[in-house]
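K.L.:
this one's sequence-less:
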């Protein structure tokens with residue numbers, strides 16, 4: 001990386017990254033108002049580095065329009081808005097920073113899970129309506145349950161770490177980890193986490209927490225067939241990507257008891273920018289969304305599991321270390 005390298009920030013991130021790159025001699029530019037069309041047209045001049053979250057999709061056309069591009073820094077964990085195959089073909093390094101918000105996601109999962117098991121949202125709402133419904137808000141203890149984690153990367157392991165003190169059983173399934181398939185393995189990522197095959201997972205868990213990337217394989221993965229595989233009714237958490245869960249299938253499973261409660265930090269209706277709800281002009285999608293909002297067994301948050309004051313800083317410092325470490 002030459003000292004005259006030009007870096008464009010396409011999204012707002014914590015200033016720690018700008019300061020670190022500037023101190024290293026790079027020329028940083030505010031590109032938060034830059035359009036995809038301007039990039040493709042070459043209006044930015046030479047671009048050696050890009051920093052973004054999810055506002056612009058870096059597809060093959062965009063990447064080929066940047067002949068000087070050496071690296072991309074994605075603030076966060078998901079890389080679905082970057083054409084990784086083209087980046088590899090063009091020898092463009094791609095950095096992400098899941099280490100920066102894994103702690104926030106782990107804590108958020110615990111918060112949603114405990115809030116649901118102990119009926120905290122409805123308990124609060126009932127008192128504000130001058131009701132004192134103690135029996136209606138009898139909760140359940142996490143210690144009595146088996147929590148299943150699907151996808152044991154940065155986020156799944158962060159959630160597992162925070163389950164340690166609750167005394168519950170923890171199982172993890174990750175088809176892409178060696179020895180974590182249908183055959184048992186003695187390799188355990190943490191002493192209290194048991195890697196299992198999918199059949200054992202479905203037979204055992206009471207809680208299922210999804211920690212998966214948004215890919216062709218995972219989009220729409222949680223459908224009627226997927227939800228029918230569990231031997232017991234489950235509580236479902238999704239803090240990964242909304243389109244992994246088909247909302248209609250989830251509502252059906254909630255209504256027939258296959259899913260007891262759902263905690264969703266992400267929704268199928270989010271656009272690819274992840275900044276707002278999308279597609280609600282469609283009458284059918286809008287009706288499905290309204291059903292989800294009205295369901296008493298659903299707890300929602302606006303894609304903020306990894307969105308804390310601390311993670312905002314760490315996402316940038318992790319990227320700074322990775323970018324400067326490659327020089």
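P.N.:
Arrived safely, thanks for sending. Being a predicted model, the structure only gives us computed values, none of them experimental.
K.L.:
Show me what the helix or strand that contains residue 254 is packed against.
P.N.:
Assigned by DSSP states H and E, residue 254 falls within helix 247-256. Helices and strands touching helix 247-256, as assessed by 3 or more CB pairs under 8 Å, 6 or more residues apart in numbering; DSSP states H and E, comprise helix 224-227, strand 259-264, helix 283-294. For every residue, glycine as well, the C-beta is placed using N, CA and C.
K.L.:
looking at those, which is buried most?
P.N.:
Greatest average neighbour count among the helices and strands packed on helix 247-256 goes to strand 259-264 (a mean of 22), per mean count of other CB atoms under 10 Å.
K.L.:
Can you spell out the domain ranges of the chain, please?
P.N.:
As assigned by automatic domain parsing, the chain contains the domains 6-96, 102-300.
K.L.:
Adding mean pLDDT and distance to residue 315, write the ones you listed out as TSV.
P.N.:
Formatted as TSV, these follow (pLDDT from 0 to 100; distance: least, CB to CB, whole Å):
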stretch	mean pLDDT	distance to residue 315
domain 6-96	96	5
domain 102-300	92	10
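K.L.:
Of the ones you listed, which is nearest residue 323?
P.N.:
Checking the domains of the chain against residue 323 by CB to CB gives domain 6-96 as the closest, at 5.9 Å.
K.L.:
and residue 211, what does it touch?
P.N.:
Residues counted as contacts of residue 211 (CB atoms under 8 Å, 6 or more residues apart in numbering) are 105, 149-153, 155-156, 159, 239-240.
K.L.:
try 6 Å
P.N.:
Neighbouring residues of residue 211 by CB atoms under 6 Å, 6 or more residues apart in numbering: 151, 155-156, 240.
K.L.:
tell me which of these is nearest to residue 10?
P.N.:
The nearest member of the contacts of residue 211 to residue 10, counting by CB to CB, is residue 240 at 22.9 Å.
K.L.:
give me the number of residues near that closest one?
P.N.:
If you count neighbours by other CB atoms under 10 Å, residue 240 ends up with 26.
K.L.:
what about the strands in this protein?
P.N.:
6-9, 27-30, 49-52, 71-74, 93-96, 146-150, 169-173, 193-195, 207-210, 234-238, 259-264, 298-300 (DSSP state E).
K.L.:
List the buried residues for the third one?
P.N.:
Meaning strand 49-52. Of the residues in strand 49-52, 49-52 count as buried by neighbour count, 16 or more other CB atoms under 10 Å.
K.L.:
In TSV: these, plus distance to residue 144.
P.N.:
As requested, the buried residues of strand 49-52 are exported to TSV (distance: CB to CB, whole Å):
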residue	distance to residue 144
49	50
50	48
51	45
52	44
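K.L.:
still on that earlier bit, for residue 318, find the nearest of the domains of the chain.
P.N.:
Of the domains of the chain, nearest to residue 318 by CB to CB is domain 6-96, at 8.6 Å.
K.L.:
mind checking the end-to-end distance for that closest one?
P.N.:
Start and end residues of domain 6-96 are separated by 19 Å (CA to CA, to the nearest Å).
K.L.:
can you tell me how far residue 30 sits from residue 155?
P.N.:
Between residue 30 and residue 155 the computed distance is 30 Å (CB to CB, to the nearest Å).
K.L.:
can you give me the helices for this structure?
P.N.:
For the chain, the helices defined by DSSP state H occupy 15-23, 36-40, 60-64, 84-89, 98-117, 120-128, 154-163, 198-204, 224-227, 247-256, 283-294, 309-325.
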